[in-house]
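1. show me how the following folds:
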Amino acid sequence: MNIRELARRSGVSTATVSRALNDRAEVSEATRERIRRLASELGYAPNEPARTLVRRRSDTIGLIWDSGQEAQGLHNPFLLGLLSAVRTALSEADYHLMLLTTPTPEDPDASYLQAVRRHNLEGVIVLTTPPDDRCLRVLAASNVPCAGIDTAFTGPRTVRVSSDNAAGAEAAVEHLYALGHRRIATVTGPLHLPPAAERLAGYRRACQRLGLEVPEEYVAGGDFFLESGERAARALLAVDRPPTAIFAAGDQMAIGAMHAAADAGLSVPRDLAVVGFDDIDAAALVRPALTTVAQDQRALGEAAVAALRALLDDSAPSRTATATVHASAARSVGAAAQAAKGAGTEQSERRAAAAHIVPTRLLIRGSSRPGT
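-> Alright, predicted model coming up:
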């Protein structure tokens, strides 16, 4: 079944069929519906490359996902959930999704940009990339609309979507303080990544506000994965005045800290309270269940798609905005798009990305308080 056969059976020209399937105004609603119904019955699917040329748009968004750790066999379950949320949000907005391959050392620095142009992609969503990614910098410096989730980059048409990492970390510390803990340590993620740096900043800000001392040895580094959390917690428990509570910047590290506590003969939460960040599925499955700062994956995905659509619709790409997108507003593409367009100010071509911040919430479970 091709467009000529569909036109013959519809009793119209191929041009009319094309206009009907592309929602052109020159075709009456009755004719449009008749052609679409017949196309569905006959199993006709438009030739997408040709359709893209005619419409000058592909309805396809590129996705860049390269944490730099997959080669080591390390997979972050939170990112998998976030990928699903982005895919769902794009589907609901009638966009296709294309995963862009990771550049190899032999590839030119502009490989992402070349892929965007080759496939006529309308924009790009970036989930995570290694630090100092030259291919991403080239892409961001172009005029391609780019939305990064927890990715800091600059360019003429870039926007950043993120959970409120600092506020979430502050809530975790305040919760532990309210339970009577005064020696609260933290296990950070890699500090070159914005979420890890922001969560550490929130931890320090809350400790300062509450008058808590933070010895240098109370800040241990991790990589967001379980084994690093276990190693960091062992080091924290070995200091002269060990902490009575640990805030880990990721759930896998928090679970690793619970393993270290068990190996040391300590009871969680009686001897050591533990709080994580993310709310991955495993957080509710471990015993005791993990208290954690939950990120709203669906809201993040929808806010990223809304922010990207605002860039696509914006006829003045040199304008930018900083907006707070609450979970309820993030579930409305129109509301988030409006926020992205408001209060713009002229910036240089390489300006910081606009920030859309999605709130977090503290889920109190058994790892920080008995009987919950």
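2. so what's residue 139 up against?
-> By C-beta atoms under 8 Å, 6 or more residues apart in numbering, the residues touching residue 139 are 110, 112-113, 116, 124, 146, 155. Backbone N, C-alpha and C define where each C-beta goes, glycine included.
3. and it, that's in a helix?
-> Yes - using DSSP: H, G, I helix; E, B strand; the rest coil, the secondary structure at residue 139 is a helix.
4. contacting residues around residue 153?
-> Applying C-beta under 8 Å, 6+ apart to residue 153 gives the contacts 126, 136-137, 140, 146, 160, 353.
5. most neighbours of all those, which one?
-> Comparing these by number of neighbours (other C-beta atoms under 10 Å), residue 146 comes first, having 29 neighbours.
6. helices of the stretch 51-200 of the chain, residue ranges please.
-> 77-92, 111-118, 134-141, 165-178, 194-210 (DSSP state H, counting those that start in this stretch).
7. go ahead and confirm residue 218 touches residue 243.
-> Yes - using C-beta atoms under 8 Å, residue 218 makes contact with residue 243 at a distance of 6.2 Å.
8. who touches both of these two?
-> Common neighbours of residue 218 and residue 243 (C-beta under 8 Å, 6+ apart) are 183-185, 236.
9. among those, which ones are buried?
-> 183-185, 236 (16 or more other C-beta atoms under 10 Å).
10. for residue 263, state which of those residues is nearest.
-> Using C-beta to C-beta, the shortest approach to residue 263 within those belongs to residue 236, at 13.1 Å.
11. that closest one and residue 221: what is the separation?
-> 11 Å (C-beta to C-beta, to the nearest Å).
12. tell me how many other residues surround the spatially closest residue to residue 66 that is not a sequence neighbour.
-> Leaving aside its chain neighbours, residue 66 sits nearest to residue 102 (4.6 Å; criterion: C-beta to C-beta, 6 or more residues apart in numbering). As a burial measure, residue 102 scores 18 neighbours (other C-beta under 10 Å).
13. before we move on, what about residue 196?
-> Quick note: residue 196 (other C-beta under 10 Å) scores 22 neighbours.
14. check contacts around the nearest residue to it once chain neighbours are set aside.
-> Distances taken as C-beta to C-beta, 6+ apart place residue 189 nearest to residue 196, at 3.2 Å, with adjacent residues excluded. By C-beta under 8 Å, 6+ apart, residue 189 lies in contact with 195-196, 199, 222-224, 249-250, 253.
15. check what pLDDT residue 189 gets.
-> If you check residue 189, the pLDDT there is 95.
16. same deal with residue 7?
-> 85.
17. on the three-state scheme, it is what?
-> Under three-state DSSP, residue 7 falls in the helix class.
18. now do the helices in the stretch 251-372 of the chain.
-> Counting by DSSP H, counting those that start in this stretch, the helices of the stretch 251-372 of the chain are 251-263, 282-285, 297-313, 327-330, 333-341.
19. of these, which is nearest residue 28?
-> Of all these, helix 297-313 sits nearest to residue 28, with 27.9 Å by C-beta to C-beta.
20. so residue 199 touches residue 253, yeah?
-> No - shown here, residue 199 and residue 253 do not form a contact pair, counting by C-beta under 8 Å, at 11.0 Å.
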